[in-house]
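> model this:
(2 chains)
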Amino acid sequence: MNYHSRKLLKLNLAPWRMATVGSLLLVGLTVVAARAFYLQGLNTDYLQGKGDAVANRNLTLPAQRGQVTDRHGQLLAISTPVESLWARPGELKWTAAQQAQLAKVLGMPVSELSKKMARKTRGEFSVRRPVTPEQAVKIAAMGVPGLHLRREFRRYYPAGEVAAHVVGFTNVDDLGQEGVERAYQDWLAGREGQRQIMRDRRGNTIRDLVPIKTAQLGGNLALALDLNIQYLAHRELAAAIAKNKAKGGSVVVLDAKTGEILALANQPIFNPNNRRNYKPGPMRNRAVIDTFEPGSTIKPFVAAAVLERGLFHPDSMIETPDNWRVGNKLVRDTHPHSQLTVSEIIQKSSNVGAVKLAMSLTPQQYWEVLHRSGFGELPGSGFPGETAGRLRDASTWKPVEHATMAYGYGLSVSLLQLTRAYMAFANDGEVMPLSFLKREPQEIAGERVFSPSVAREVRAMMESVTQEGGTGMRTRVPGYRVAGKTGTAHKLVDGRYSPDRYLSSFVGMAPASNPRLIIGVVIDEPSGGVYYGGSVAGPVFAQVMAASLRQLALPPDAPETATLMTHNALRAGGGA
Amino acid sequence: MSRLNVVLALLLMACALALIQSQHRSRTYFVELERLKKQAHGLDEQWGQLQLEQSTWASPARVDTLARTRLGLIAPPNDRVRIETLTAAP
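Purely as a prediction, here's the structure:
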């Protein structure tokens, strides 16, 4: 059989047609093959990624910042999630009624809202951060395209301004800016976690694609602060500042046995919850960062230095003329006495007496005692910006400086540093390292500064300050024996000592038989008529001490009669 | 020989069904776990907010003001205070 011979099957095809069809088919096949190769071979990652993007999600697990509490667990700082309202102007579609409704929910005029929304940005911007939970519910219910709520953490400080200087605050990005928030940033911050999940069509998580990297939550922090004492210190300081029309002031309360900082208050204050209108001035932790010339509060160290070397006894008599010339400097006493014992020099705060005591030492010897007490050295609290004060090397002292150093001019200290140095007298010669964090008593070792006998003798002298004839009679606390030292220093203004601008201070401890608390108070430029440390800073000390001793339920150590003598420590309706 | 094959085929069938069953159960449990985690997270947040609220209400400043103004409390004057010393029991 020959097909070619059949008429029907005989195709009258020109060979070029065969070639054309064949090559077209071949081209088509090549195109498809090339496309397949392009998609599967070359572009697979991209397409796989697209596919995964629909089903897979990368989630960031937020790390909540740790809490800060006081020593009893009272909250001082906490992060809590809040909703904030964001807008994408490009996608925004809403009616005038919805706009009015949103304005009403946010509590702002419609005109202001539309002005805000008219912003020409391609990305998104925050309309209000944060919004209250009630507002969030209402906004979510409106469901306007282009408006969305975003969840973020916000830091709150329930104690507000009371503990603001110690706790500090964070910025919008949750980074510690001041205080403990800054000092312990790494501990508090924690680390974000990662998670890759696959979702089904309805958005449910169906499985983890890789093992979860769990978020490391920020660590919590228990401060040494006692919020009750902190509040008392804050309240009494504020009252004293107002009463004496002063520019500012600070109070430090230390636990004499452990070196813990139980309270630290400053004026002026700021509110850490209000992130608008921050001014650097009120935010400064003056007690730690600012220095001042200590004035007479340095005298107990002079007494300790001479007692330690056996140059004098507490009862040694010293001639104290009205004037005493050192070089071309005339040292004066405001209340002259012809003769005083060493003890009385402290009690009556005699400049001439203190100078004579200090001049019996070489500059090197006196410097050594001050240095050992921590002056010119960082107090070691770990607080950001902590200052070391200034204590010049003894070899550079001129005789005049040696003399003025005896009543607290020519060196500068911070209140925290000064109060810490008094721990040597309170704690039988041993200074405990300072701490803003709560700690267990067994984990600390002190540093011996004075021998126990010297420390006790000086403490007894300082107790006489608060007794009849002393400069600190307004620092008494009913029921307790109190030891302390007043200070009134002229302020340096433009390199000269101002005749009428003072710093009034008082540092003291109670119960004097076995001190548990040390409180340092400094008031900057009291201008209400009185300016003596005993009258301005003293009452603050007495109020805070009385209330704190009661707070700690320490047994009174004073004979009953002492209680009847004073009335200042509990003014009617004043103490808490 | 062929009988063994049948048994194996049945076993295979059973395993396949069991796999489906356990896969399904795993999905269900996973969803449940996710839900509970979310709930725990929500409760944590709520706890934080309650703590915040509690400490705001109990702030010493607020308690002080309320005690003085609304309740009319005062600190007891000294002559009204008596200190009792506890003696240890023998």
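
> any weak-confidence spans in chain A?
A:1-11, A:120-122, A:276-277, A:441-443, A:560-576 (pLDDT under 70).

> Any part of stretch B:44-56 near chain A?
Yes: judged by C-beta under 8 Å from any C-beta of the partner chain, stretch B:44-56 comes into contact with chain A at B:E45, B:G48, B:Q49, B:Q51, B:L52, B:Q54, B:S55, B:T56. Every residue, glycine included, has its C-beta placed from N, CA and C.

> and after the host helix or strand of the fifth one, which helix or strand comes next?
It refers to B:L52. Using DSSP states H and E, B:L52 sits within helix B:2-57. Next along the chain after helix B:2-57, taking DSSP H and E as the criterion, comes helix B:60-69.

> A:A424 touches A:P452, doesn't it?
No: counting by C-beta atoms under 8 Å, A:A424 stays clear of A:P452, with 10.4 Å between them.

> Just want to know which of these two has more residues nearby.
A:A424 (28 against 12; other C-beta atoms under 10 Å in any protein chain shown).

> Looks to me like the more buried one is in a helix.
Yes: the assignment for A:A424 is a helix, going by DSSP: H, G, I helix; E, B strand; the rest coil.

> OK, contacts around it?
Shown in contact with A:A424 (C-beta atoms under 8 Å, 6 or more residues apart in numbering or on different chains): A:A304, A:S373, A:E430, A:V431, A:V449, A:F450, A:A455.

> distance of the nearest residue to it once chain neighbours are set aside from A:T80?
Nearest residue to A:A424, sequence neighbours excluded (C-beta to C-beta, 6 or more residues apart in numbering or on different chains): A:V449, at 4.0 Å. As judged by C-beta to C-beta, to the nearest Å, A:V449 and A:T80 stand 45 Å apart.

> In which helix or strand does A:A103 reside?
In this structure, A:A103 sits in helix A:96-106 according to DSSP H and E.

> List of residues touching that helix?
The contact list for helix A:96-106 (C-beta under 8 Å, 6+ apart) reads A:85, A:94, A:109-110, A:112-114, A:127-128, A:131, A:135, A:138-139, A:142, A:144, A:147.

> so where do the strands sit in the stretch 201-350 of chain A?
A:205-208, A:221-222, A:248-255, A:261-267, A:317-319, A:323-326, A:329-332, A:339-341 (DSSP state E, counting those that start in this stretch).

> same question but for the stretch 401-550 of chain A, I mixed them up
A:430-431, A:447-448, A:483-493, A:496-510, A:517-524.

> Any idea which of those gets closest to A:H234?
Closest to A:H234 of those, according to C-beta to C-beta: strand A:517-524, at 12.4 Å.

> residues from chain B in reach of chain A?
So chain B meets chain A at B:27, B:30-31, B:34, B:45, B:48-49, B:51-52, B:54-56, B:58-61, B:64, B:68, B:74-78, B:81, B:83, B:85 (C-beta under 8 Å from any C-beta).

> Tell me the residues of the stretch 1-150 of chain A that contact chain B?
So the stretch 1-150 of chain A meets chain B at A:Q74, A:L75, A:I78, A:S79, A:T80, A:P81 (C-beta under 8 Å from any C-beta).

> and the helix ranked longest in chain A, which residues are buried?
Scanning chain A for the longest helix, with DSSP state H as the assignment, gives helix A:15-36. Under the neighbour-count criterion of 16 or more other C-beta atoms under 10 Å in any protein chain shown, helix A:15-36 has nothing buried.

> Buried residues, the following helix or strand past that helix. List them.
Going down the chain from helix A:15-36, the next helix or strand is helix A:44-55, by DSSP H and E. Of the residues in helix A:44-55, none has enough neighbours to count as buried (16+ other C-beta under 10 Å).

> got a list of contacts for helix A:44-55?
A:L39, A:M198, A:R199, A:D200.

> want to try TSV for those residues, with distance to A:A546 and secondary structure as columns?
Converted to TSV, those look like this (distance: C-beta to C-beta, whole Å; DSSP: H, G, I helix; E, B strand; the rest coil):
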residue	distance to A:A546	secondary structure
A:L39	84	helix
A:M198	66	strand
A:R199	64	strand
A:D200	68	coil
